[in-house]
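**Q** from the sequence below, what's the structure:
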Amino acid sequence: MRILSSMRRILAYCDLTERSDAALLRAARLAQRQGAELVILHATDGDEAAAHEALAAGLADLPLECPAALHVVRGRPFVEIIRASRSLDAGLVVVGALAESAVRGFVLGSTAERLIRKGDRPVLVVKNPTWRLWRRVLVASDCSETSLRAARLALSLRPDAQMTLLHVVEPQPEARLRRFGATEPELRDLREEALQAGRQALDRFRAQLPPEARIDLLVQQGSAVNTIPDVARELRVGLVALGTHGRSGASHMLLGSVAESVVREAPCDTLTVRPEAFRFELP
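**A** Sure, this is the predicted structure:
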């Protein structure tokens, strides 16, 4: 399946550490596939000429699949990434995460964390040091417009991947309902009604995506914070995509409670997409 993309530029951030290597390789492969320009940015608090020389030297042995324009600026990394993404009209920002240990997982770093909180462009956090693009993609959907944007972007980046749409139904406050006299059969009925409503909502969500796309639907009941990473592990997906606001519209609150936790805990690359109207005021 081929999905036409309007992505003209991809912005990748390099902090001159090993966490950047996988991010730069992934960004270059995506840029080559999308026919987009790749721009590699580095922010420094020192001499710009020396930083540019270090950046060029660091990239010399990296097998990038397409040419890249190098930009070195003075300033705070997350601020300069947001500023550059706007001035370049980047369709995607790519940053790396560092694998700390097999037990503790990945460390995002302050730049990535601030970027996914405050950036207004889609952010791809690369965790796995593999050259291959994703074969399986998980889209965590609350059936909002922002979730739809995330699903469409994931499809445009990897149209041939097997995609699973996951909708998590939050559990009912059963302990409280029991105090008010709810019986176990009644609680079972409530759970099934909630799951059925979730399935219907996800069916409507799927209908807004290309019919030829390879998409499975999955509805589970539980905490989204735990369920999304667990399903990602179970399905062995290479990418989890999700929007950073829910039905409440409180984008930063949900990012703190769900999306940011998923980005930190997922065992794979993550793609976060902001509401179209979101804009952070730069300092």
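**Q** going on from the top helix by length along the chain, what's the next piece of helix or strand?
**A** Secondary structure of the chain per DSSP state H: the longest helix is helix 184-206. The C-terminal neighbour of helix 184-206 among helices and strands, as given by DSSP states H and E, is strand 215-221.
**Q** what are the buried residues along that following strand?
**A** For strand 215-221, burial by neighbour count (16 or more other CB atoms under 10 Å) applies to 215, 217-219, 221. No exception for glycine: its C-beta is placed from N, CA and C like everyone else's.
**Q** same check on stretch 79-88?
**A** Applying 16+ other CB under 10 Å to stretch 79-88 flags 79-86, 88 as buried.
**Q** again with stretch 62-72
**A** Buried residues in stretch 62-72 (16+ other CB under 10 Å): 64, 66, 68, 71-72.
**Q** that one: how far from the chain's middle?
**A** 22 Å (CA atoms, centre = their mean, to the nearest Å).
**Q** please put the alpha-carbon coordinates of that stretch into PDB.
**A** Extracted C-alpha coordinates of stretch 62-72, given in PDB (Å, rounded to 0.1, in the frame of the first residue of the first chain):
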ATOM      1  CA  LEU A  62      27.600   6.900  10.300                       C
ATOM      2  CA  PRO A  63      26.000   5.200   7.200                       C
ATOM      3  CA  LEU A  64      23.200   7.700   6.600                       C
ATOM      4  CA  GLU A  65      21.000   6.800   3.600                       C
ATOM      5  CA  CYS A  66      20.500  10.400   2.400                       C
ATOM      6  CA  PRO A  67      22.300  13.700   2.400                       C
ATOM      7  CA  ALA A  68      21.800  15.900   5.500                       C
ATOM      8  CA  ALA A  69      22.000  19.600   6.200                       C
ATOM      9  CA  LEU A  70      23.900  20.300   9.500                       C
ATOM     10  CA  HIS A  71      22.700  23.200  11.700                       C
ATOM     11  CA  VAL A  72      24.600  24.200  14.900                       C
END
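**Q** rounded mean pLDDT for that stretch, please.
**A** Mean pLDDT, computed over stretch 62-72, is 92.
**Q** give me the contact list for it.
**A** The contact list for stretch 62-72, computed with CB atoms under 8 Å, 6 or more residues apart in numbering, reads 12, 21, 24-25, 28-29, 31-32, 37-44, 48, 51-52, 55-56, 59, 84.
**Q** residue 156 and residue 7 touch, don't they?
**A** Yes: at 7.2 Å, residue 156 and residue 7 qualify as touching, with contact defined as CB atoms under 8 Å.
**Q** after the helix or strand bottoming out on mean pLDDT in the chain, next one along is what?
**A** Between all helices and strands in the chain, the lowest mean by mean pLDDT, DSSP states H and E belongs to helix 251-254, at a mean of 40. Once the chain leaves helix 251-254, the next helix or strand it forms, by DSSP H and E, is helix 260-265.
**Q** which other helices and strands does that next one contact?
**A** strand 105-107, helix 110-118, helix 224-235, strand 269-273 (3 or more CB pairs under 8 Å, 6 or more residues apart in numbering; DSSP states H and E).
**Q** if we go to 10 Å?
**A** Helices and strands touching helix 260-265, by 3 or more CB pairs under 10 Å, 6 or more residues apart in numbering; DSSP states H and E, are strand 105-107, helix 110-118, strand 123-126, helix 224-235, strand 239-243, strand 269-273.
**Q** centre of the chain to it, how far?
**A** 10 Å.
**Q** what helix or strand is residue 152 located in?
**A** helix 145-157.
**Q** keeping just the C-alphas, turn that helix into PDB.
**A** Backbone C-alpha positions of helix 145-157 (Å, rounded to 0.1, in the frame of the first residue of the first chain) are rendered in PDB as follows:
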ATOM      1  CA  GLU A 145      -9.000  13.600  16.400                       C
ATOM      2  CA  THR A 146      -5.500  13.700  17.800                       C
ATOM      3  CA  SER A 147      -5.400   9.900  17.900                       C
ATOM      4  CA  LEU A 148      -6.500   9.900  14.300                       C
ATOM      5  CA  ARG A 149      -3.600  12.200  13.300                       C
ATOM      6  CA  ALA A 150      -1.200   9.800  15.100                       C
ATOM      7  CA  ALA A 151      -2.600   6.800  13.200                       C
ATOM      8  CA  ARG A 152      -2.500   8.600   9.900                       C
ATOM      9  CA  LEU A 153       1.100   9.700  10.500                       C
ATOM     10  CA  ALA A 154       2.200   6.200  11.500                       C
ATOM     11  CA  LEU A 155       0.600   4.800   8.300                       C
ATOM     12  CA  SER A 156       2.400   7.400   6.200                       C
ATOM     13  CA  LEU A 157       5.700   6.600   7.800                       C
END
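**Q** before I go, just wanted to say thanks for your time.
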